[in-house]
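**Q** need a 3D model of the following:
(chains A and B, ligands or ions: 2)
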Amino acid sequence: MTADPKGVLTGVHFLDGDHAACEGALAAGCRFVAGYPITPSTEVVERFAQRIPMVGGLFIQMEDELAASIAIQGAAWGGRKVMTVTSGPGLSLMMEHLGLAAITETPCVFIDVQRGGPSTGLPTLPAQADMMQVKWGSHGDYEIIALCPDSPQECFDLTIRAFNLAEQWRVPVFLMMDEVVGHMTERVVIPAAEDIEITDRRWTDKAPGTYRPFDVGPDGIPDMVKAGQGHRIHVTGLTHDERGWPAMNPRQQDKLVRRLTGKIRDNADVLTDIREENCEDADVIVVSYGITSRVATAAIQQARDQGLKVGHARLVVTWPFPATRIAQLASRCKAMVVPELNLGQMVHEVSRAVAGRVPVRLVDHAGGTVHDPQVILDRILEAAR
Amino acid sequence: MSGTTNDDLDLSHLPPMDNPVMPYLRKERIPHIWCPGCGIGTTVNCFTRALDEAAQDLDRLAIVSGIGCTGRVAGYLNLDSFHTTHGRAIPFATGLKLANPDLNVVVYSGDGDLFAIGGNHFLHAARRNMDLMVVCVNNFTYGMTGGQVAPTTPLGASQTTMPYGNFENPASLPFLADAAGATYVARWTVFHVRQLTRCFKDALGRKGFRFIEILAPCPTLFLRRNRLGDGVDMVRQYKERSVVRNGADTKEVGLGLAGEIVVGTFVERERPTWLDAMNDHLGKVLGDRYQRYGG
Ligand SMILES: Cc1ncc(C[n+]2csc(CCOP(=O)(O)OP(=O)(O)O)c2C)c(N)n1
Ligand code: SF4
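**A** Ligands and ions are numbered 1, 2, ... in the order given. Now for the predicted structure:
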């Protein structure tokens, strides 16, 4: 189906990433946002609070991020497309409900505008240091999808995609922004509603009495209902069977957790989105994501100007990690360079996929600003030797 | 509880299959996990009776629980039911209600769940006058985790994490609910099955943030440890110590190990719900531009 025109601000705009992400959510059909203010993410919910009364839907500022991250799940089971927005300290509070969304297969979108940490850290300055937290921060085995925009335009585009993926796979989907992307203003083109593809909820066509909330078809993903339709569903954070009833035994645990993780892990290749440039004959490939890819582009250009064969693989989807494609790329080049605004997170995934085929060099950064392109260039030059 | 009168001390935890509450339960999930003599089942019996008497459209009723022995209530009722995380039933219910305002949403959980870990959510939902009915089974302890001190544990009572007796001041739940702005506040005990059933029925038909506290025995952990007898002994105490005082000042209804248990309907007031307030306000400020929410 295509987007509901009520939420689509078609036209050419100058927006920062936070505002663009909000427009993406509205265009995607999000009509319920619960949030709690935190720099540098607050503009997303401020714009939503301003826009939503004219679109039809609502915003509620909850008492904390625990509340916000579960209010959206109540709203999802009430039939809405939902989102919450935060940054590091709030993300830490949301971890329990990330797990709840995973085990109950509640479609929901989390935007994390990353800032320097740990703790209160650098409230107004960027980092990319929550990459592992969203993947591993809630207890137990679970899977998510994470998207990394590197421009306000992508904040718009990828927020729509985040909603579509949440509906398709019934997992929490993260838009991993950072302070710089959130606050940089650029041209954002918002297409006409009929040109925006929207994934509807996987509504069941089964009648009450025949529907079981966690029965799955061949793709391993259950169809959904909303409360109030007579299905009398039970949804629990306990390990449950196909009826949704608690079933706390090793056999059901194995079945459920393998399905919840398998639906993403087994489809990592389908979900892969890497923007590759000059990788075919590259000696060195820079693997980057989010804002760092913009800085890396400058360094790569300088290296190429010096005659080096340097390619760029920008990860748009970081979770599930595109291990297959990274391994393929590693089998062609001589070294990989991974710049990120943390002291080494996604580089471990790259190394795992590369499996010793070629050296993998981290260009780390504790956060607070973006890399100096010269530092990335130096690492590329070292790697090329 | 069929045939129960005010003077019966019937705590039969397993209703017979022809019991009128059975249509409201997920029969295949019985027997339930509650201990013999536990008061939670009695509250559920009263609740289902109230559903019957209120002729509530069951497809339009949703129940949300947190975590704990009481938190398991959602799983046994044959309704759209949600068993969420510890302390967060109210914000989940808030989202559910706001997403689908036609639903009558009931939160059913324990005192630790709603007032320790979830206390802040309770205060804010009451302040906002979120249109929810919140039922708290107060057994003065953390049942599910084995009898630790709760924010309601009376002074002097022994708990596994207060092994020398509780020295923390307990919260008075009706006082909190009243101060935070709840539109309906009542307290009963599992002795008061008739009154409780009527109270549930009354509250189901109202709007706004409605709070019902029910004192209920946890024989396994609270009573045994404090040598207070079994469930029946406790219900006898409820009978002897209770005084009905409708409209009582909630400042005066605190509880101890001994002394009066004030029960009744303490607060009934009218306030616009959060959703009505939003619709009215935005309608006024934005005029025709406002897309009225929720039908
Ligand atoms: C975040 C979190 N912390 C702690 C627990 C462990 N826990 C489960 S139930 C419970 C207390 C329940 O007490 P109460 O709400 O009074 O319910 P009761 O069991 O007495 O009905 C606790 C601490 C948990 N499940 N989740
Ligand atoms: S432990 Fe206490 S509260 Fe829990 S079921 Fe047993 S008696 Fe009831």
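**Q** and the strands in the stretch 1-150 of chain B?
**A** For the stretch 1-150 of chain B, the strands defined by DSSP state E, counting those that start in this stretch occupy B:61-65, B:80-83, B:104-110, B:133-138, B:141-142, B:148-149.
**Q** out of the ones you listed, the one nearest ligand 1 is which?
**A** Among these, strand B:104-110 comes nearest to ligand 1, with 2.4 Å by Cβ to the nearest ligand atom. Heads up, the C-betas are built off the backbone N, CA and C, glycines and all.
**Q** does that closest one come close to chain A?
**A** No - applying Cβ under 8 Å from any Cβ of the partner chain, one finds strand B:104-110 out of contact with chain A, separated by at least 8.5 Å.
**Q** roughly how far apart are B:A93 and B:F209?
**A** 11 Å (Cβ to Cβ, to the nearest Å).
**Q** the strands in the stretch 101-250 of chain A, which residues?
**A** For the stretch 101-250 of chain A, applying DSSP E, counting those that start in this stretch gives strands covering A:108-116, A:122-126, A:145-147, A:172-178, A:185-190, A:234-236.
**Q** list the neighbouring strands of the last one plus their orientation.
**A** Sheet pairing of strand A:234-236 (DSSP bridges) gives strand B:80-83 (parallel).
**Q** who's in contact with the partner strand?
**A** A:74, A:77, A:227-228, A:231-238, A:246, B:59, B:61-65, B:67, B:71-72, B:74-75, B:89, B:92-93, B:96, B:103 (Cβ atoms under 8 Å, 6 or more residues apart in numbering or on different chains).
**Q** I figured A:R80 hits B:L96, correct?
**A** No - the pair A:R80 / B:L96 is not scored as a contact, 9.8 Å apart, by Cβ atoms under 8 Å.
**Q** out of those two, which sits in the more crowded spot?
**A** The neighbour count for A:R80 versus B:L96, taken as other Cβ atoms under 10 Å in any protein chain shown, is higher for B:L96 (31 against 26).
**Q** excluding chain neighbours, what is closest to the more buried one?
**A** The shortest distance from B:L96 to any non-neighbouring residue, by Cβ to Cβ, 6 or more residues apart in numbering or on different chains, is to A:G74 (3.7 Å).
**Q** do the same with A:T292
**A** A:P339 (5.1 Å).
**Q** can you list the domain ranges for chain A.
**A** Per the record, chain A has its domains at A:5-195, A:275-384, by automatic domain parsing.
**Q** report the longest helix in the chain, please.
**A** In the absence of a named chain, chain A is used. Longest helix of chain A, by residue count under DSSP state H: helix A:152-169.
**Q** sorry, should have said chain B
**A** Chain B, longest helix under DSSP H: helix B:40-54.
**Q** for the closest residue to A:D16 other than its chain neighbours, what are its contacts?
**A** Nearest residue to A:D16, sequence neighbours excluded (Cβ to Cβ, 6+ apart): A:T185, at 4.7 Å. Listed by Cβ under 8 Å, 6+ apart, the contact set of A:T185 reads A:F14, A:L15, A:D16, A:P152.
**Q** OK, contacts around the residue sitting nearest the centre point of chain B?
**A** In chain B, the C-alpha closest to the average C-alpha coordinate belongs to B:V135, at a distance of 1.8 Å (Cα atoms, centre = their mean). Taking Cβ under 8 Å, 6+ apart, we find B:V135 in contact with B:T43, B:F47, B:V106, B:V107, B:Y108, B:S109, B:F200, B:I212, B:I214.
**Q** what is it paired to in the beta sheet?
**A** Beta-bridge partners, per DSSP bridges, of B:V135: B:Y108, B:I212.
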